[in-house]
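**Q** Mind looking at a prediction? Sequence and model below.
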Amino acid sequence: MTPESEITSGDWPAFIACVGNAYQPSQQFCVVVEMQILVRIHNSIPEAVQLLFALHYVLDLCYQRHKQHDLYFYEFIQKVLFELECKKVSPRITTFLNGIKRLM
């Protein structure tokens, strides 16, 4: 399998690409789904994360299960930040939130 066929295989998760160089902060964030840039956002990583999450619902995308921490990322956004289906939170997210409360 060539690198090109790996990239277009459709197994890539939706993600946020930061566009810039090593010497300056990122000036642009791109929300990428199936290797296509759907949205370009200037200077706002929170807006890019919000759009990435919203696209999972709008396009009926599945949360990728490449690594367990990927699922925790989406669970945190969904249940804590957006308060969707927040009655059941995994023990790891609960521990994380309790740690934050102790710091405050």
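**A** Done, it's in.

**Q** tell me the phi and psi of V39?
**A** Torsion angles at V39 (phi, psi; degrees, to the nearest 10) stand at phi -140, psi 140.

**Q** Check which helix or strand the residue lying closest to it once chain neighbours are set aside maps to.
**A** Excluding its sequence neighbours, the residue lying closest to V39 (Cβ to Cβ, 6 or more residues apart in numbering) is V31, at 4.4 Å. C-beta coordinates here come from the backbone N, C-alpha and C atoms, glycine included. If you go by DSSP states H and E, V31 is part of strand 28-33.

**Q** who's in contact with that strand?
**A** The set of residues external to strand 28-33 that reach it, using Cβ atoms under 8 Å, 6 or more residues apart in numbering, is 14-20, 37-45, 47-48, 51-52, 55, 59, 61.

**Q** that older thread, what's across from the residue nearest to V39 in the sheet?
**A** Beta-bridge pairing for V31 (DSSP bridges): I16, V39.

**Q** how near is it to I16?
**A** 6 Å (Cβ to Cβ, to the nearest Å).

**Q** In terms of packing, which of these two has more residues around it?
**A** Neighbours were counted for V31 and for I16 using other Cβ atoms under 10 Å; V31 has more, 23 against 16.

**Q** which of the contacts of strand 28-33 count as buried?
**A** A14, I16, V39, I41, A48, L51, L52, L55 (16 or more other Cβ atoms under 10 Å).

**Q** what about the closest residue to the fifth one other than its chain neighbours, neighbour count?
**A** I take that to be A48. Nearest non-adjacent residue to A48, counting by Cβ to Cβ, 6+ apart: F29, 3.9 Å away. Using other Cβ under 10 Å, F29 is surrounded by 24 other residues.

**Q** first vs last residue of stretch 17-37, how far apart are they?
**A** End-to-end span of stretch 17-37 (Cα to Cα, to the nearest Å): 9 Å.

**Q** swap in stretch 52-71?
**A** 14 Å.

**Q** Which residue ranges make up each domain of this protein?
**A** 1-62, 66-104 (automatic domain parsing).
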